Structure formats: C-alpha cells, structure tokens
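> one predicted model, sequence on top.
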Amino acid sequence: MKKPDLRFWQIWNLSFGFLGVQIGYALQNANTSRILQSLGADVSHLSYFWLAAPLAGLVIQPIVGLFSDKTWTPLGRRIPFILGGAVLAAAALLLMPNAEAFIILMAPLAFAAIMLLFMDMSFNVTMQPFRALVADMLNDKQKTRGYAIQTLLINVGAVVGSVLPFVLVHWFGLSNGPTATSKVAPSVAWSYYIGGGMLLLTVCITAFRTKEYPPKRFREYNGVAEQAKTPGFIELMRGVPKVMVELAVVQFFSWAALFLMWTYTTPAVARNVWAVVDPAAAGYGDAGDWVGVLFAVYSVFAGLFSIVIARLAAKMGNKKVYAFSLLCGALGYLGMALLRDKWLLLIPMVGVGIAWAAILAMPYAILARSVQAERMGVYMGIFNFTITIPQIVCGLAGGVMVKYMFGGSAAAMIVTGAVCMALAGFSVALVNEKRDD
C-alpha cells in the first residue's frame, strides 16, 4: 500500500510550526552575541558560548528521534515532542533577556549562558520531529516538495525574527542600547517576548491541524513488520545509509561556515561599517540592528529560492543545484567580509540566501529516500551529528583563531567561512544520489 498524495495545505500545515520555531532561532542567531557582549563577554570568547547550540543538538536530537519513533499518543508520534519543546523554548526566550534579574542566583553572563543552552535544547526537541514528520507523512514523490515548503516557512520565520529588533526601534521607538535598568536593549528583549508568543501559536496550529498516520496504517504504508526488532545504537550506526556518510562531508564544511557567520557577523559589521568595537557604544546597537536586517534579507532570498529549488532539482539534478547554491554562498561570505557600506552589504545576502535554502532542503530530500521508515526519527537525529560536530569544532577553535591568528578580526573569521562554504560546494561531488537498497 502506497502513501496517498497530500493536498498543498496539508503539506503546509505539517511544517507551519517551524515558522514560529525559526522566529525564535533567528532571534537567537542575530542577537546572542550582542546580548553576551552587553553582559561582558569578550569577542574571543563568543565561540565558546555558541558551543551550547551544537552540544545540545548532538545529545538531544538522536534521543528525541529514537523515542519519537517508538511513541504513539492520541496526538501522534512526533507532535507531543514538537509541543513540549515549543513550550520550553518560549520560556527560555522570556528568561534570557532578563538575566540581570537573577543576579542573586548567579552572574548575569552565567545565567544568560545557561538560558542559551536551555533554549537550544528546547529548539532541538522541537525541530527534530518536524524533519521526521515530513518524511513520515509524504511519499517519495512529494518529499522534495515537502522539504521545499518547510524551507520556505523556515525562511519566512527567519525574516520575521531577524527584523523584529529593527522594527521595534524604527517603527515603535524602543531603544537599541543599554538603559539605566538593563544592559540588554529593550528592542531585543521585546523581540524575544514576541517571538516566544509566535512560536507557541504556530506550533499549536501544526499540532492541532495535522493528523499523523496511526501505527497500523503507518506500517502498511511503509511495509514495516508489526513486531519489528529495535536495534541498538551501535547497530544503528553500522547500518547508516552510505549517502549519509557522503553528505556528512558537505555538511561539515557548510555548517562550519554558518556557525562562523552567526557568531562573528555582528562584531565584524560593527567594526567594518560603524568603526566601533565597544558593545556599549551607540553605533554597536545600530550595527546589531542592521545585522538583523541582513539576516532577514538572506532569509527572503532563501525563501524565494526554495520556491523553485524543487523544479530546478527535477531538471538539473540535486547535486548540481546543491553545489551551485553552496558556491553562491561562498561568494556571499566574501562580500560580507570585504564591503564597508551597509547598503552594499545587502548584495552578498543573495548568495548567502541561496546557500541557506539548499542547506535546509537538499540533504534531507536526498537522505529521506534512503532511510527505512520505521527508523526515520532516529536516523534524522543521527544525521544531526553532521550539523553539530562542525559547530563544536569551530566553537573550540574559533576563539583561538580570532585571537592568535587574526588579531581579533571578526571579518577574518567570515573569510574563513567563505573558504568552508566553497569546500562544501566542491564536496557535493562525493555524494551518490542512488537509493540504498
């Protein structure tokens, strides 16, 4: 028995909650370094704080994948984890900007670091089942379309999250600098509050408008034996599809590049365009707001590219589209590091957006065709190793590199990201698209 084709709005609802998750994630990406520096973190230490994200993903996603594969509740297999993670993530978004309020318990910077870890753990609990849900519900013919729609929604969320601080400053008059009562700008704090509310709202729409296949029908659609044996973790690792290993090389370089961009863009733009390095300076707040705009712009282009990426892949092949997209990203990174005008910085965001769209869609579309349905959750979680490990490597090495190799230059770290993205593009040649039988 084959899975039926789903209607457009059914596919849309599968991933609608990811829009809200990405609003929160985009707020984190654009503002975490800014918050940490406001609370006293040095630029050479930023990469160590950013280790929270990959460490959380390394541990959480395989566990969530394994348990969601085995779970069935009245809400389904994946939905309970999506809902639970969303509630926790919204709580972290509320607490992180208020780190100074907990000074009786610990130093504000330490509290912010703990909230960053808690936030990342919650995001990972929510995001992993979204990836598996698309694979669960869609047949092979619709999977690329499903991940393309998911990518579109992710980037709409990223646009909203990235521009929220800018909008609150320029449309609603909130301050983008420290106040007498808080080192964290009010525009950033309120952005986190709004983002948390939107996260909960969109996830609830997915949770209550998506009906997962019950166990019996799921087994029929996927040809799974009713009493299928659950292998151990070592056996699962031995049985990973070959294409996952091949994709891991591409993933290593592309996610290393993304980590460097998220960590160092704000201090790089502040120094290159506003000529400031002090987080308390007025220009630093303007730079932070503009980085949010830049991230929103690349998300816009990523969303636009995601609309056509499935059609391009059908005509040209996944590998050609994937490699082309990553090389566009490498050029975008170079532009980010070299340009000194804030308006000209919008141009490289085209290339960065194209690469981001491909990174979000192409590896999952390729991998989903090679994974057994009953192990989709845990293998999607294991595949997350290819996202977290490069970020851990960059987190450990980044502080040393920026301090001792580049004399504190954040822009040099963006150039390093360009090299990584180019290597990712060339590594696509290693990927074999044939399905593992």
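Noted; the coordinates are in hand. Numbers count the residues shown, from 1 in each chain.
> what about Gly417, how many neighbours?
Number of residues near Gly417 (other C-beta atoms under 10 Å) recorded here: 31. The way it works is simple: take the backbone N, C-alpha and C, and place the C-beta from them, glycine included.
> ditto for the one 3 residues further on
Other residues within reach of Cys420, judged by other C-beta under 10 Å, total 25.
> list the contacts for it?
Contacts for Cys420 (C-beta atoms under 8 Å, 6 or more residues apart in numbering) come out as 253-254, 256-257, 260.
> got it, and Gln142?
With contacts taken as C-beta under 8 Å, 6+ apart, Gln142 has the following neighbours: 5-6, 11.
> please flag which of those sit within helices.
Using DSSP state H, the members of the contacts of Gln142 that fall within helices are Ile11.
> among the contacts of Cys420, which are in helices?
When helices are assigned by DSSP H, the members of the contacts of Cys420 inside them are 253-254, 256-257, 260.
> shouldn't Val273 be in contact with Asp289?
No - the criterion here is C-beta atoms under 8 Å, and Val273 misses it with Asp289 at 11.9 Å.
> the two: which has the busier surroundings?
Set side by side, Val273 and Asp289 show more neighbours around Asp289, with 25 against 20, by other C-beta under 10 Å.
> next up, phi/psi of the nearest residue to that one once chain neighbours are set aside, please.
Distance criterion C-beta to C-beta, 6 or more residues apart in numbering; nearest residue to Asp289, sequence neighbours excluded, is Phe166 at 4.5 Å. Backbone geometry at Phe166, expressed as degrees, to the nearest 10, gives phi -60, psi -40.
> would you confirm that Phe166 contacts Gly292?
Yes - here Phe166 lies in contact with Gly292, judged by C-beta under 8 Å, at a distance of 5.2 Å.
> mutual contacts of these two, please.
Overlap between the contact sets of Phe166 and Gly292, as judged by C-beta under 8 Å, 6+ apart, is nil.
> where exactly do the helices run in the stretch 201-350 of the chain?
Ranges of helices within the stretch 201-350 of the chain are 215-222, 233-238, 242-272, 282-316, 318-338, 348-368, based on DSSP state H, counting those that start in this stretch.
> for the second one, buried residues please.
In other words, helix 233-238. Taking 16 or more other C-beta atoms under 10 Å as the neighbour-count basis, helix 233-238 is seen to contain the buried residues Leu236.
> got the contact list for that helix?
The set of residues that contact helix 233-238 without belonging to it, under C-beta under 8 Å, 6+ apart, is 62, 375, 378-379, 382.
> returning to what we had before: okay, the contacts of Gln142 in CSV with pLDDT next?
Output for these, formatted as CSV (pLDDT from 0 to 100):
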residue, pLDDT
Asp5, 87
Leu6, 88
Ile11, 91
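> are any of the contacts of Gln142 buried, and if so which?
Taking 16+ other C-beta under 10 Å as the criterion, what is buried in these is 6, 11.
> hmm, Ile387 is touching Ala56, no?
No - proximity of Ile387 to Ala56 does not meet the contact threshold set by C-beta under 8 Å, at 11.3 Å.
> check which element follows the helix or strand where Asn31 lies along the chain.
Remark: Asn31 resides in helix 8-38, with elements defined by DSSP states H and E. Counting by DSSP H and E, the element after helix 8-38 in chain order, helix or strand, is helix 46-49.
> ok, and for that next one, which residues are buried?
With the criterion 16+ other C-beta under 10 Å, helix 46-49 contains buried residues 46-47, 49.
> just give me the closest of those residues to Ala92.
For these, the residue nearest Ala92 by C-beta to C-beta is Phe49; the value is 14.6 Å.
> quick one: the closest one from Ala26, how far?
Using C-beta to C-beta, to the nearest Å, one obtains 18 Å as the distance from Phe49 to Ala26.
> over to Phe118?
Taking C-beta to C-beta as the measure, Phe118 and Ala26 are separated by 18 Å.
> ok, now Val87?
Here Val87 is placed at a distance of 19 Å from Ala26 (C-beta to C-beta).
> which one of these two is surrounded by more residues?
A count of neighbours by other C-beta under 10 Å puts Ala26 above the other of Val87 and Ala26, at 27 against 15.
> contacting residues for the more buried one?
Ala26 makes contact with 157-162, 295-296, 299, according to C-beta under 8 Å, 6+ apart.
> follow-up on the earlier one: what about the contacts of helix 233-238, which are in helices?
With helices taken from DSSP H, the overlap with the contacts of helix 233-238 comprises 62, 378-379, 382.
> in TSV: those residues, plus pLDDT, neighbour count and distance to Val431.
As requested, these are arranged in TSV below (pLDDT from 0 to 100; neighbours: other C-beta atoms under 10 Å; distance: C-beta to C-beta, whole Å):
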residue	pLDDT	neighbour count	distance to Val431
Pro62	78	22	22
Val378	73	26	22
Tyr379	76	25	16
Ile382	81	20	17
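> just send the contacts of Cys420 back as CSV, with pLDDT too.
Formatted as CSV, these follow (pLDDT from 0 to 100):
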residue, pLDDT
Phe253, 97
Ser254, 97
Ala256, 95
Ala257, 96
Leu260, 93
